[in-house]
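K.L.:
Below are the sequence and a predicted model; questions follow.
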Amino acid sequence: MTIKSILFVIILIVCQISAIAQLRITVGGSLGGGYIKGNSPEVGSVNTSVFIEPNTVLFEEVFPRLEYIFAKDFNSIVTTVTKPYMPWMQGFAFKGVTTQYFDSKFFLEEAIGLLALNDRTFSDTNTWGFGAVSSFHGGYDLRGFNLDGFELGVGAEYGLTFTNTLPQYLTFNFFFEYMF
């Protein structure tokens, strides 16, 4: 190897380490209520999600978000209900997220993306459906002038699939985000 090649590799490694050191990540989650539905009537549900969002721009002002979604029949949290099976769904979403700030504290966040949803609405049903998801959240930024901190808010998310049992969900939720 020549000196130029070694120098090029060292510069490349230093640039990569520098870029990784400046990587910012957002993590968050939501909790709310709504409904789930497969080849069945709608079932009231408790919905939760967790997500991670690297501060890497996909397009101008659009950030990628990977989300895990879990929704289960509302009766599962009521201790007096004893049903042999509680319908539930789980899935993954990959969304593009953009945010508009109205002033330094209040914001509106919109997202749209792809969805893979596991339908478990009946005890003998275990199929994956693929489709689309969209969400809207309004919130309050608690960070002030810091880059690290919390954002809190409320919103809605709707997921619809186009294959197998056509599972879908709707949730109205409270959410939080923490930016590192």
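P.N.:
Structure's in. What do you need?
K.L.:
Please report how far the most centrally placed residue in the chain lies from L147.
P.N.:
Closest to where the C-alpha atoms of the chain average out (Cα atoms, centre = their mean) is E67, at 3.2 Å. The spacing between E67 and L147, counted by Cβ to Cβ, to the nearest Å, is 22 Å. Backbone N, C-alpha and C define where each C-beta goes, glycine included.
K.L.:
wait, isn't G155 in contact with L170?
P.N.:
No. G155 is beyond contact range of L170, at 11.7 Å (criterion: Cβ atoms under 8 Å).
K.L.:
Now the helix or strand in which V27 is found: buried residues?
P.N.:
Assigned by DSSP states H and E, V27 belongs to strand 25-37. With burial defined by 16 or more other Cβ atoms under 10 Å, the residues of strand 25-37 counted as buried are 26, 28-30, 32, 34-37.
K.L.:
Closest to A93 out of those?
P.N.:
S30 (11.8 Å; Cβ to Cβ).
K.L.:
isn't the closest one right up against Y68?
P.N.:
No. If you go by Cβ under 8 Å, S30 and Y68 don't touch, sitting 11.0 Å apart.
K.L.:
who touches both of those two?
P.N.:
Counting by Cβ atoms under 8 Å, 6 or more residues apart in numbering, the contacts common to S30 and Y68 are S49.
K.L.:
Distance of the closest residue in space to G131 that isn't next to it in sequence relative to E177?
P.N.:
The shortest distance from G131 to any non-neighbouring residue, by Cβ to Cβ, 6 or more residues apart in numbering, is to T161 (3.4 Å). According to Cβ to Cβ, T161 stands 26 Å off from E177.
K.L.:
what's the answer for L152, then?
P.N.:
Taking Cβ to Cβ, one finds L152 at 8 Å from E177.
K.L.:
Between the two, which is the more surrounded one?
P.N.:
E177 (23 against 14; other Cβ atoms under 10 Å).
K.L.:
Give me the three-state assignment for that one.
P.N.:
Classification of E177 by DSSP: H, G, I helix; E, B strand; the rest coil places it in strand.
K.L.:
How about it: what's its closest non-neighbour residue?
P.N.:
G28 (3.7 Å).
K.L.:
and the one you found, what is it in contact with?
P.N.:
G28 touches 50-51, 53, 151, 175-178, counting by Cβ under 8 Å, 6+ apart.
K.L.:
and stretch 94-113, which residues are buried?
P.N.:
Buried-residue list, stretch 94-113, by 16+ other Cβ under 10 Å: 95-97, 99, 107, 109-111, 113.
K.L.:
As CSV, the residues you listed with pLDDT would be great.
P.N.:
Conversion of the buried residues of stretch 94-113 to CSV gives the following (pLDDT from 0 to 100):
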residue, pLDDT
K95, 95
G96, 93
V97, 95
T99, 93
F107, 95
E109, 96
E110, 97
A111, 97
G113, 95
